[in-house]
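[1] just need the structure, nothing else, for what follows:
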Amino acid sequence: MKKVKKGEVIKMSLVILVLITLVFLFSCAPISSETDAANFTNAMAKSFFAGDENKTKFILSTTITVGTGSNADFTTSHFYSDITSSGPFAYLSLTYDNSEVTYDGTTYILDGKVCLAFKISSISNGLSGDIVAYGNLTVTKNNNTQDITFDAKYSADFLYTDDDNNDVYDFTFSGNVESYVNDFVVEDSSWSITFSSDLFCIFPF
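    Reported below is the predicted structural model:
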């Protein structure tokens, strides 16, 4: 019977330990499954209209800054050809600075910049059309941090109403979404989310 040398045992043990550590770290990452990616995609859509969770005033968002954008911001997006072939799109950017964004009980702390290309029109109680979002973010969830490349296209109705006139809106988004969150792909042709929040509408309608 061949004896296993002590050095080989140590090497094997180290390899196993490294693999276990990598699996543990990946499983703790904010985005470690398609389900996580889908929830994050919903949270980002919410942030476009509801801003961050720490607003001090109606409409204003305390940690998300609105800036300019351009077609050039999307050259490496999966949806660049959609933008160039079915325009015209308008552009802007959102800079997140330690921004708390919550969806379905999960809170993400976001830092970074996401550019938006949008072709939307006003409808009763909201907007309808396409929104493409592309950018890089540092995402923290449950004290675990991960760098994310976010690339999404929402083709939907974005409805919001304030029936009580109390500046808290009921939002309903429905339509189609496709997103790429690092290596995870989300495709939902019957996309629908609802939530309530103050309004942080950044679109010029």
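
[2] the spatially most central residue of the chain in helix, strand or coil?
    When the chain is reduced to its mean C-alpha position, the closest residue under CA atoms, centre = their mean turns out to be residue 44, at 3.4 Å. Judged by DSSP: H, G, I helix; E, B strand; the rest coil, the three-state class of residue 44 is helix.

[3] surely it touches residue 133?
    Yes. The criterion here is CB atoms under 8 Å, and residue 44 meets it with residue 133 at 6.3 Å. All C-beta atoms are positioned from the backbone trio N, CA, C, and that covers glycine.

[4] what is in contact with these two at once?
    Between them, residue 44 and residue 133 have 114, 150, 152 as joint contacts when contacts are counted by CB atoms under 8 Å, 6 or more residues apart in numbering.

[5] ok, which stretches of this protein are helices?
    When secondary structure is read from DSSP state H, the chain shows helices at 6-28, 34-50, 80-85.

[6] didn't residue 89 look like it was pressed against residue 120?
    No. In this structure, residue 89 is not within contact of residue 120 by CB under 8 Å, at 9.4 Å.

[7] any common contacting residues for those two?
    Residues within reach of residue 89 and of residue 120 at once, by CB under 8 Å, 6+ apart, are residue 130.

[8] which strand residues bridge the nearest residue to residue 196 once chain neighbours are set aside?
    Once flanking residues are discounted, residue 196 sits nearest to residue 170: 5.3 Å by CB to CB, 6 or more residues apart in numbering. Beta bridges link residue 170 to residue 161, residue 196 when assigned by DSSP bridges.
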